[in-house]
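Student: need the 3D shape of this:
(one chain, ligands or ions: 1)
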Amino acid sequence: MNRNAPIGVFDSGLGGLTVVHSIKQSLPNESIIYFGDTARVPYGAKSAKTVTHFSRQIINFLIDRGVKMVVVACNTVSALALTALKKQNSIPIIGVIEPGAEAAVKLTRNNHIGVIGTTATIQSDAYSTALKNIKSNLMISTAACPLFVPLVEEGWTDEPVSLMIAEIYLKPLSDNGVDTVILGCTHYPIIKTIIQSTLHSSVKLVDSAEAVSEKTAEILSLKDALSEPGHSDLTCYVTDLPQKFEELGERFLGEKLANVALVQLD
Ligand code: DGL
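Tutor: Prediction:
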């Protein structure tokens, strides 16, 4: 493995930039190639077959550009397609579900964990399965929050309507007594404050983006494949509207975006 090769990160759209942000924080020497499938987002209401097909195309694209590993930043892809993707490729491929589940199990005190995500992620039960594989006696409460993605994309991170929607989605989790909640979607860290304010203040939120960047560091260091200083570029490829990606992406990445190229996969 070429240690100075880039890490490939992909998502259905913009949201995976929260993962890029975390990777840049913990691994500042790494180069990253980010792929956002902006022409076909959202994945959260699509079937496993479709999501797996799209993801295969993206992984092939990233591998053609010489990435040393792939981080599947999208929770929906991680839930529906990760096993198939891993089977077909020899480079390390990690998703966000297992790292998020591991972090939640470490944090919970009452063994009752909440999971929120897109409809596809919640229906797949991927988080529940991963959590139970780590610790079998957990209680798990889940809630699909499909309106959170469009609210974040619209920039409504502080609007009263967003708070009202969060209260409706999250009240059952609060009432059930969860002490830890996994933010099981790339967009949710952006509205962390709203989510926290609708839950009891003692409830801990798990940001899968942070958990996956720690896992990335662990894998690269185990393989002795951490980049040397001086290689830290970020190049982005999208399948539609690169300019919109640059504008909105800043909110997710926490800094200005440049080098966004438009590509077609078919
Ligand atoms: N990236 C997706 C996820 O983390 C959210 C957006 C979508 O539905 O495609 O589940």
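Student: which single residue of the protein ends up nearest the ligand?
Tutor: G44 (2.7 Å; CB to the nearest ligand atom). All C-beta atoms are positioned from the backbone trio N, CA, C, and that covers glycine.
Student: which residues touch the spatially closest residue to that residue that is not a sequence neighbour?
Tutor: Closest residue in space to G44, ignoring its immediate chain neighbours: T118 at 2.8 Å, by CB to CB, 6 or more residues apart in numbering. Contact analysis of T118 by CB atoms under 8 Å, 6 or more residues apart in numbering lists 42-45, 75-76, 144-146, 149, 185.
Student: what do you get for A225?
Tutor: Applying CB under 8 Å, 6+ apart to A225 gives the contacts 1-3, 68-69.
Student: next one: Q88
Tutor: Neighbouring residues of Q88 by CB under 8 Å, 6+ apart: R56.
Student: so which bits of the protein are right by the ligand?
Tutor: Residues of the chain lying close to the ligand (CB under 6 Å from any ligand atom) are 11-13, 15, 41-44, 74-76, 117-118, 121, 149, 185-187.
Student: where does the stretch 1-150 of the chain have low pLDDT?
Tutor: Residues of the stretch 1-150 of the chain meeting the criterion pLDDT under 70: none.
Student: now do the strands in it.
Tutor: Taking DSSP state E, counting those that start in this stretch as the test, the strands found in the stretch 1-150 of the chain are 7-11, 32-36, 69-72, 93-94, 112-117, 139-144.
Student: in TSV, list those along with mean neighbour count.
Tutor: Formatted as TSV, the strands of the stretch 1-150 of the chain follow (neighbours: other CB atoms under 10 Å):
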stretch	mean neighbour count
strand 7-11	27
strand 32-36	25
strand 69-72	26
strand 93-94	20
strand 112-117	27
strand 139-144	18
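Student: reformat those strands as TSV; add distance to S197.
Tutor: Output for the strands of the stretch 1-150 of the chain, formatted as TSV (distance: least, CB to CB, whole Å):
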stretch	distance to S197
strand 7-11	26
strand 32-36	29
strand 69-72	30
strand 93-94	31
strand 112-117	14
strand 139-144	16
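Student: nearest to V263, of these?
Tutor: strand 32-36 (8.3 Å; CB to CB).
Student: in its sheet, what does the closest one sit against?
Tutor: Strands adjacent to strand 32-36 in the sheet, as given by DSSP bridges, are strand 7-11 (parallel), strand 234-238 (parallel).
Student: ok, the closest residue to A48 other than its chain neighbours - how many residues close by?
Tutor: Leaving aside its sequence neighbours, A48 sits nearest to L80 (CB to CB, 6+ apart; 4.2 Å). Residue neighbour count, defined by other CB atoms under 10 Å, stands at 25 for L80.
Student: ok, L80 - contacts?
Tutor: Shown in contact with L80 (CB under 8 Å, 6+ apart): 48, 51-52, 120-121, 124, 126.
Student: tell me which of those is nearest to L170?
Tutor: Closest approach between those and L170, by CB to CB: T121, at 15.8 Å.
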